[in-house]
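Student: Structure for the following, please:
(one chain, ligands or ions: 1)
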Amino acid sequence: MKKLVSILLVLALCLSATAAMAAGKVGVAMPTESLQRWNQDGANMKAQLEAAGYEVDLQYANNDVALQVSQLENMILGGAQVLVVASIDGGALDTVLAQAKEAGIPVIAYDRLLTGTKNVDYYTTFDNYGVGTIQGTYVKEKLDLDNAEGPFTIEFTAGSPDDNNALLFFQGAYDVLAPYIEAGKLVVKSGQTTFEQCATPAWKSETAQARMDNILTANYSDGTKLDVALCSNDSTALGVTNSLISFGLTADEMPIITGQDCDKPNTKNMIAGLQSMSVFKDTRVLAEQTVKMVGDLLEGKTPETNATYANGVMDVPSYNCTPLFADVNNYAELLLDSGYYTAEDLAN
Ligand code: BGC
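Tutor: Numbering: from 1, shown residues only. Reported below is the predicted structural model:
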C-alpha cells in the first residue's frame, strides 16, 4: 500500500512538473472591442489558453495602432513567451515585432496577416479569399447569372485598407462576378469597382453607411433598383442596410446583401429578411488551432500548417480554417445548436 502511494505521488509530481514546463505566459493582442467578433476571439483565446494551463495577458487596443504597439512592448517586457497578434494595421508593427524576435519570442499573426515584416513566425486564419468566393458565388447563384438575362445592378462595399484580409475578401468575390460585369449582365452604376474606391477604413458601419447614402442619392434616386449590395463583412453590411432603410426600402425591397461573421445584429437581420447571407467563421475553432500552435511552439514542436500567405517580405506558414456559408435556413444549426449563441442572443 505504502509503495502504491509513493508511486502515485511520484507520478503526480511528474505530471505537474510536465504541466508547469509546458505552461507559459502568452500575450494576446486584439484590435478593438467595438466590433463584436474580437470580443469572442479574445474570450475564446483566454478561456482555451487558461484551460491549457497558460497565463494570459489579453489586451484590446481600441483600434489605436500606437496603443497596440505599447501593449505589445509591455507584453514583451512582462515576460510573454509567445505573442498572438490580431493587428489593427498589419503593416505597422515591424519595429515592435523586431523586439519580440530579439527577445526570442515567437509571434503568431491571428486572423489578420502581419505584413512587411520578417518578424512573424506563423499565421492562423480562415481561408480569406474563400470567404469572398462564398459571397460572390451566392450572388451568382441567387441571380442565376449564367441563365438570367439581366442586367442587374450591384454595388460593392469592401473593408479596411490596412487589413490584408479586406483585399482578399474583395478579390475573392470580385473574381467570381467580374465576367458578368465585363459582359454587362451586372452593372455597377456608381462606377466604383476597385478595392480602393470601395474600401471602408476601420470597417466602420457609419462610414459604409455614409458612402452608400452618397451612392444611392447619386445613382438610384431616379428609381433604378439596386439588386445587390456586396458587402465584405457584417459591420459594413449593417451600415449599408441602414442606408437602404433610410433611403426608404422595406424588407421586401431589399437587395441581396452579403456579409461575414454572423454578428448578432446581422443574424437578426437575416431572420428579419433584411440581410441575405453571412459567412460563419467559428472563432472557437480559430482559437483552438491557435492554442494548439502556442503549445507546439512552447514545446519545441513544429506547428501544423496547411497554407502560406505572402506578406510582402516572406511567405508566412499558415493554418487556414474553413469559413461556412450561413443564411436564414441554416443559422439555427450553425449558431444555436453548436452553442455559439443562445436563443436570447438572437431575440429582439
Ligand atoms: C476579419 C473579419 C472582420 C473584420 C472587421 C477582418 O480582419 O477577418 O472577420 O469582419 O476584420 O473586424
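Student: How about the contacts made by residue 166?
Tutor: Counting by CB atoms under 8 Å, 6 or more residues apart in numbering, residue 166 touches 158-160, 195, 199, 203, 232. Quick note: C-beta positions are derived from backbone N, CA and C, even for glycine.
Student: Likewise for residue 326?
Tutor: Residue 326 is in contact with 262, 267, 270, 277-280, 334-335, counting by CB under 8 Å, 6+ apart.
Student: For those, pick the one with the most neighbours.
Tutor: Neighbour counts for these peak at residue 278, which has 30 neighbours (criterion: other CB atoms under 10 Å).
Student: all helices of the stretch 151-300 of the chain, in order?
Tutor: 164-182, 195-198, 205-219, 234-246, 264-271, 283-298 (DSSP state H, counting those that start in this stretch).
Student: Just the CA trace of the second one, in PDB.
Tutor: As requested, C-alpha coordinates have been extracted for helix 195-198 and formatted as PDB (Å, rounded to 0.1, in the frame of the first residue of the first chain):
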ATOM      1  CA  PHE A 195     -10.900  48.000 -53.900                       C
ATOM      2  CA  GLU A 196      -9.600  51.500 -53.100                       C
ATOM      3  CA  GLN A 197     -12.900  53.000 -54.200                       C
ATOM      4  CA  CYS A 198     -15.000  50.600 -52.200                       C
END
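Student: How far off centre is stretch 206-223?
Tutor: Between the mean C-alpha location of stretch 206-223 and the chain-wide mean there is a distance of 26 Å, by CA atoms, centre = their mean, to the nearest Å.
Student: what's the neighbour count on residue 235?
Tutor: Each residue near residue 235 was counted by other CB under 10 Å, and the total is 28.
Student: One more: residue 157?
Tutor: Counted by other CB under 10 Å, the residues lying close to residue 157 total 28.
Student: rewinding a little: now, the contacts of residue 326 that are in strands?
Tutor: 277-280 (DSSP state E).
Student: Now do the same contact list for the single nearest residue of the chain relative to the ligand.
Tutor: When scored by CB to the nearest ligand atom, the chain has residue 233 as its residue closest to the ligand, at 3.5 Å. When contacts are counted by CB under 8 Å, 6+ apart, residue 233 touches 159, 169, 203, 259-261.
Student: where does the residue nearest to it when sequence neighbours are not counted land on pLDDT?
Tutor: In space, and not counting its chain neighbours, residue 233 is closest to residue 260: 4.2 Å by CB to CB, 6 or more residues apart in numbering. With respect to pLDDT, residue 260 scores 98.
Student: show me where pLDDT drops low in this structure?
Tutor: 1-22 (pLDDT under 70).
Student: let's see 90
Tutor: The model of the chain has pLDDT under 90 over residues 1-23, 36, 348.
Student: Residue 177 versus the residue positioned nearest the centre of the chain, what's the distance?
Tutor: When CA atoms, centre = their mean is applied to the chain, the residue found nearest the centroid is residue 111 (5.9 Å). Distance of residue 111 to residue 177, computed by CB to CB, to the nearest Å: 25 Å.
Student: Return the residues of the chain in contact with the ligand.
Tutor: For the chain, the residues found near the ligand under the criterion CB under 6 Å from any ligand atom are 35, 37, 111-112, 159, 163, 165, 203, 233, 235, 260-261, 281.
Student: can we see that at 8 Å?
Tutor: Near the ligand, the residues belonging to the chain are 31-32, 35, 37-38, 86, 111-112, 125-126, 128, 131, 159-160, 163, 165-166, 169, 203, 232-235, 260-261, 281 when assessed by CB under 8 Å from any ligand atom.
Student: Quick check on these: which are buried?
Tutor: Buried subset of the residues of the chain next to the ligand (neighbour count, 16 or more other CB atoms under 10 Å): 31-32, 35, 37-38, 86, 111-112, 125-126, 128, 131, 159-160, 163, 165-166, 169, 203, 232-235, 260-261, 281.
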